[in-house]
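A.B. asks: need a 3D model of the sequence below.
(one chain, ligands or ions: 2)
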Amino acid sequence: MAVNFSLEGKVALVTGASYGIGFAIASAYAKAGATICFNDIKQELVDKGLAAYKELGIEAHGYVCDVTNEEQVNALVAQIEKEVGVIDILVNNAGIIKRIPMCEMTAAEFRQVIDVDLNAPFIVAKAVIPSMIKKGGGKIINICSMMSELGRETVSAYAAAKGGLKMLTRNICSEYGKYNIQCNGIGPGYIETPQTAPLRERQPDGSRHPFDSFIIAKTPAERWLKPEELAGPAVFLASEASDAVNGHILYVDGGILAYIGKQPQ
Ligand code: NAP
Ligand code: GCO
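C.D. replies: Ligands and ions are numbered 1, 2, ... in the order given. Predicted coordinates:
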């Protein structure tokens, strides 16, 4: 029996996909046959994203929408259903991080990270599930993190959100699996995107950022990963090939979670 990795005829919404990981995943979905919808908070970034997709020969549908705003999200889903079609594949990708020592972080800052990284995936999934049920099924992919499993200094809000997102993923699986909805997560390792750029900045003397060196030592492949390396796992989880996979977090981390780390020389 041929395994079906095709996304032909499917409508995909990837949140926060003007660039970065979301852009790489949405581009791969387009190459697998899906129609791409994405959003960003700012029109200028939606426009930049549309141009970037066009450069790849992809006619994407871009929308301004703040994923933390339930009214905007419901309007976005209704507009996509009217203009493009029912959403078959949702990737909850939009996310932020604030790297602040916990006792220096305000409650407002903590709440802001939880709002984008955990409340928003709930809001957007809740908005798309009813039509997925009517259509006979769907795919929801939540972009988790190493911090769904591990903590580190300064990322308390982000780790709490991504840990919660792992359990939201499992709960959507549990509650909606009977409607042929598969909800899984992707847990990227350390990826070269604007979000991690501060961790890779060269030092004034030209040496690597200490965190950069740390990740190199923690990754068996001894390198940061590229957004495009998430494409294959993302296509798999969006396709019929993964219909029996549900509630799973697929770590695409180059082996970080399996590795104690290189012994200091
Ligand atoms: P990024 O470069 O910072 O991009 C994040 C995207 O989300 C941007 O397009 C951003 O738009 C959008 N966004 C933020 N808040 C939003 C909101 N309220 N409404 C709509 N869009 C919003 O991040 P990335 O590195 O590509 O990461 C994407 C996802 O992967 C995030 O969930 C992140 O936590 C996760 N992740 C990243 C890594 C990594 O190493 N990079 C590893 C594991 C997991 P604006 O530019 O307008 O803010
Ligand atoms: C950090 C990084 C990480 C990555 C990613 C790792 O400050 O440690 O930003 O959190 O973004 O989530 O999987």
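A.B. asks: confirm Gln72 sits in a helix?
C.D. replies: Yes. According to DSSP: H, G, I helix; E, B strand; the rest coil, Gln72 belongs to a helix.
A.B. asks: distance of it from Gly62?
C.D. replies: Using CB to CB, to the nearest Å, Gln72 is found at 14 Å from Gly62. For the C-beta atoms, the positions are set from N, CA and C on the backbone; glycine is no exception.
A.B. asks: these two: who's more crowded?
C.D. replies: Legend: neighbour count by other CB atoms under 10 Å for Gln72 and Gly62, higher for Gly62 (21 against 17).
A.B. asks: give the closest residue to the more buried one in space, chain neighbours not counted.
C.D. replies: Nearest-residue entry for Gly62: Val46, 4.1 Å, with adjacent residues in sequence omitted and distances by CB to CB, 6 or more residues apart in numbering.
A.B. asks: now the element after the host helix or strand of that neighbour, going C-ward?
C.D. replies: Following DSSP states H and E, one finds Val46 within helix 43-55. Downstream of helix 43-55, the next assigned helix or strand under DSSP H and E is strand 61-64.
A.B. asks: buried ones in the worst-scoring helix or strand of the chain on mean pLDDT, by neighbour count?
C.D. replies: Ranked by mean pLDDT, DSSP states H and E, the weakest helix or strand in the chain is helix 197-200, scoring a mean of 93. Buried positions in helix 197-200, judged by neighbour count with 16 or more other CB atoms under 10 Å: Leu199.
A.B. asks: what about it and ligand 1, touching?
C.D. replies: No. Judged by CB under 6 Å from any ligand atom, helix 197-200 and ligand 1 are separated, with a smallest distance of 8.4 Å.
A.B. asks: chain center to that helix: distance?
C.D. replies: Distance of helix 197-200 from the chain centroid (CA atoms, centre = their mean, to the nearest Å) equals 19 Å.
A.B. asks: touching, Pro227 and Gly20? I think so.
C.D. replies: Yes. Pro227 is within contact range of Gly20, at 6.2 Å (criterion: CB atoms under 8 Å).
A.B. asks: residues shared between the contacts of these two?
C.D. replies: Thr193 (CB atoms under 8 Å, 6 or more residues apart in numbering).
A.B. asks: counting neighbours, what do you get for Ile25?
C.D. replies: If we define neighbours as other CB under 10 Å, then Ile25 has 30 of them.
A.B. asks: in contact with it, which residues?
C.D. replies: Contact analysis of Ile25 by CB under 8 Å, 6+ apart lists Val14, Ala17, Val91, Asn93, Pro227, Leu230, Ala231, Ala234.
A.B. asks: check which helix or strand the nearest residue to Leu257 once chain neighbours are set aside maps to.
C.D. replies: What sits nearest to Leu257 in space, not counting adjacent residues and going by CB to CB, 6+ apart, is Tyr251, at 5.6 Å. Using DSSP H and E, Tyr251 maps to strand 249-252.
A.B. asks: can you list contacts of that strand?
C.D. replies: If you take CB under 8 Å, 6+ apart as the criterion, strand 249-252 is touched by 144, 146, 148-149, 166, 169, 184-189, 225, 229-230, 233, 236-237, 257.
A.B. asks: ditto for stretch 204-221
C.D. replies: Under CB under 8 Å, 6+ apart, the answer for stretch 204-221 is 189-190, 198-203, 222-225, 253-256, 258-259, 261-262, 264.
A.B. asks: next, the distance between the ends of it.
C.D. replies: 26 Å (CA to CA, to the nearest Å).
A.B. asks: ok, longest helix in this structure?
C.D. replies: Scanning the chain for the helix with the most residues, using DSSP state H, yields helix 156-176.
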